[in-house]
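*Asks:* Any chance you can model this:
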Amino acid sequence: MRQFIALTGILLLLINCKPERKYDISIYHNQATIDTLLVNLVTLVGVKPKATDWETRLLPEHRRYYINHAKQFSFDRYFITPEGVHYFFMVRPARHAEYNQRGVGGKFKLTEDLQIIELEELFNTPVMPYEEIITKGRTIFEEMIASGNVERFLKDRDYIEWPDGRLKYDKGRNEWRYDVE
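*Replies:* Predicted coordinates for the structure are as follows:
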């Protein structure tokens with residue numbers, strides 16, 4: 001009987017340690033926290049409401065907009081380092097004649113009240129079929145965690161559309177800009 005219990009425990013441990021499972025956001029956060037985190041992240045990476053700029057988009061009166069907008073986003077991969085760096089890969093809406101989604105990945109730190117700080121979007125995939133977003137995004141995600149960056153993929157436009165030679169991420173404004181040095 002002891003052997004059966006021990007084998008069952010080992011089997012359950014192996015099932016829960018599958019590579020797919022270790023990147024599931026639900027092993028780090030409960031659903032209420034995931035929902036809040038998603039809206040907070042969408043506030044910084046999503047399309048801002050009309051007639052707002054990089055500062056006014058964060059005003060409390062826009063929260064409802066971001067809550068609704070977040071329904072179009074989904075976490076695919078998530079990982080927290082021992083140093084408290086949160087890595088993410090999510091699928092987001094995109095405007096394109098053929099497809100309507102792209103992948104986005106990056107890293108940030110989190111305050112106790114779930115405020116995102118030190119956000120850096122590291123990549124956006126091209127717009128492509130969902131299955132391809134997932135396959136390529138997961139490959140980039142693995143590299144992002146291993147090296148802390150995505151430089152290996154920067155010149156491959158089949159994997160990363162931006163950053164590129166012109167469009168860079170401005171960490172101060174939390175947005176992609178053409179005029180960042």
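*Asks:* State the distance from P93 to A70.
*Replies:* P93 sits at a distance of 11 Å from A70 (criterion: Cβ to Cβ, to the nearest Å). Where C-beta positions appear, they are placed from N, C-alpha and C, glycine not excepted.
*Asks:* I meant to write P126 there.
*Replies:* Applying Cβ to Cβ to P126 and A70 gives a distance of 23 Å.
*Asks:* swap in G172?
*Replies:* When distance is defined by Cβ to Cβ, G172 is 24 Å away from A70.
*Asks:* chain center to the helix or strand where A146 lies, what's the gap?
*Replies:* Applying DSSP states H and E as the criterion places A146 in helix 130-147. Centroid separation for helix 130-147 versus its chain: 11 Å, with Cα atoms, centre = their mean, to the nearest Å.
*Asks:* Residues in contact with it: which ones?
*Replies:* If you take Cβ atoms under 8 Å, 6 or more residues apart in numbering as the criterion, helix 130-147 is touched by 23, 76-77, 79, 81, 87, 89, 91, 99, 101-103, 105, 107, 122-123, 125, 128, 149-150, 152-153, 158-160.
*Asks:* mind redoing it with 7 Å?
*Replies:* Identification of contacts with helix 130-147 by Cβ atoms under 7 Å, 6 or more residues apart in numbering yields 76-77, 79, 87, 89, 91, 101-103, 105, 122-123, 125, 150, 152-153, 159-160.
*Asks:* before we move on, what about stretch 90-108?
*Replies:* With Cβ under 7 Å, 6+ apart as the criterion, stretch 90-108 contacts 45, 72-76, 85-89, 116-130, 133, 137, 140-141, 144.
*Asks:* Strands - which of the residues you listed land there?
*Replies:* 74-76, 86-89, 116-124 (DSSP state E).
*Asks:* Kindly give a single PyMOL line that selects the buried subset of the contacts of stretch 90-108.
*Replies:* A single PyMOL command suffices to select whichever of the contacts of stretch 90-108 are buried according to 16 or more other Cβ atoms under 10 Å:
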select buried, resi 45+73+75+76+85+86+87+88+89+116+119+121+122+123+124+125+126+127+128+133+137+140+141+144
